[in-house]
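**Student:** pasting the structure only:
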């Protein structure tokens, strides 16, 4: 397994990341459109590749994670592109939903973000490469980046497998925020977790 930045990969990288993104988050995204192929095409434009790190297995992207500073955004939806692919009503609905990924502030005030704190986002593994330590490998790579001392992420309280993985990686819960539309969703709280590099 090799860890590489998405921006350093060849043609088709953005399309493959979109495919993995849609597959991994389809449970949340199908409210916008149930057609996976259409969703994949509609979302290709959104990803800022310079922030995504990939795990490569046998020449294929096996998983991706975004890592960036607290004031940057790795996903920027373009309403015109969403309307072009999804039509007016679905496109507008999707645009409203995707705006969550680029809202400001990115984290609640209770989650302290220093100048050397990274935001870890969109942890997703290609379905065919599940249970191969893909997310662990990318996270270990990110934790070794010299420009950051701390790493913060957000996860749904019902995503217990992810929460357990993060705990094994040294993340600790620092805050949880009730989702305002919880009665319509499959979770109740956003859980915020933090990893800090050991002191030298």
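**Tutor:** Ah, there it is. Because the structure is a prediction, the values reported are computed rather than measured. Numbering: from 1, shown residues only.

**Student:** lowest-pLDDT helix or strand in the protein?
**Tutor:** Taking mean pLDDT, DSSP states H and E as the measure, helix 26-29 is the helix or strand of the chain with the lowest mean score, a mean of 87.

**Student:** in that one, what's buried?
**Tutor:** By neighbour count with 16 or more other CB atoms under 10 Å, helix 26-29 contains the buried residues residue 29. (Glycine included, C-beta is placed from N, CA and C.)

**Student:** packing partners for that helix?
**Tutor:** For helix 26-29, the contact count by 3 or more CB pairs under 8 Å, 6 or more residues apart in numbering; DSSP states H and E identifies helix 36-43 as packing neighbours.

**Student:** helix or strand right after the helix it packs on?
**Tutor:** In the C-terminal direction, the helix or strand that comes right after helix 36-43 (DSSP states H and E) is strand 52-57.

**Student:** one step back: pull the distance from the least confident helix or strand of the chain to the chain's centre.
**Tutor:** With CA atoms, centre = their mean, to the nearest Å as the basis, the distance from the averaged C-alpha position of helix 26-29 to the chain average is 13 Å.

**Student:** quick check: nearest residue in space to residue 111, chain neighbours excluded?
**Tutor:** Here the nearest residue to residue 111 in space, its sequence neighbours aside, is residue 192; by CB to CB, 6 or more residues apart in numbering that works out to 4.8 Å.
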